[in-house]
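Participant: no sequence on this one, just coordinates:
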């Protein structure tokens, strides 16, 4: 069993390096408040992830590699529509790894930065391009962007 401790922020400017973009397609089999089951597909890797529904800074996370073709079938036939499409940039800054997601499709215009922490009390220095924290705001959860896309806010 794994544990995920992360914080999410809106991105206020594009003043950071945009190197090594990764296209991500992800869908949800369950978006229940108590659990989320996600399928994620990149160019050559697919995963099935189960997360506890506790949307605090820390929650349980189980992630497993699955065959790419299985992910394609799950995304096309089983996952809730619409699926999430985004481009992710990863930046290492001050011993932290930031993931910046540019959403596409019905979530076009939304840009979120996530940073994974060692523990909930870890102090971090926010880069200039990071704005409002949205860690606890459910409307920014990917599982909820399927039900209420950014373009409909």
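Facilitator: Thanks, I have the structure now. Being a predicted model, the structure only gives us computed values, none of them experimental.
Participant: Would you map the helices across the protein?
Facilitator: 68-73, 142-147 (DSSP state H).
Participant: Can you mark which positions in the last one are buried?
Facilitator: Read it as helix 142-147. By neighbour count on 16 or more other CB atoms under 10 Å, the buried set for helix 142-147 is 142-146. Just so you know, the C-beta spots here come from the backbone N, C-alpha and C atoms, and that holds for glycine as well.
Participant: Format those as JSON lines; extra columns: pLDDT.
Facilitator: Output for the buried residues of helix 142-147, formatted as JSON lines (pLDDT from 0 to 100):
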{"residue": "142", "pLDDT": "94"}
{"residue": "143", "pLDDT": "93"}
{"residue": "144", "pLDDT": "94"}
{"residue": "145", "pLDDT": "96"}
{"residue": "146", "pLDDT": "95"}
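Participant: May I see the buried residues of stretch 126-134?
Facilitator: Neighbour-count burial for stretch 126-134, counted by 16+ other CB under 10 Å, picks out 127, 129-130, 134.
Participant: Need the distance between the two termini of that stretch.
Facilitator: By CA to CA, to the nearest Å, the extent of stretch 126-134 from end to end equals 14 Å.
Participant: right, and the helices of the chain - which one's nearest residue 121?
Facilitator: Smallest distance to residue 121 across these (CB to CB): 25.2 Å, for helix 142-147.
Participant: list the helices and strands the closest one packs on?
Facilitator: Contact partners of helix 142-147 among helices and strands, from 3 or more CB pairs under 8 Å, 6 or more residues apart in numbering; DSSP states H and E: strand 22-30, strand 35-41, strand 84-93.
Participant: Of those strands, flag the one that's most buried.
Facilitator: With neighbours taken as mean count of other CB atoms under 10 Å, the helices and strands packed on helix 142-147 reach their highest mean count in strand 35-41, at a mean of 20.
Participant: Direction included, what does that one pair against?
Facilitator: Paired strands of strand 35-41, with direction, are strand 22-30 (antiparallel), strand 46-52 (antiparallel) (DSSP bridges).
Participant: what's in contact with the first one?
Facilitator: Strand 22-30 is contacted by residues 36-43, 74-75, 78-81, 83-90, 101, 142-143, 146 when judged by CB atoms under 8 Å, 6 or more residues apart in numbering.
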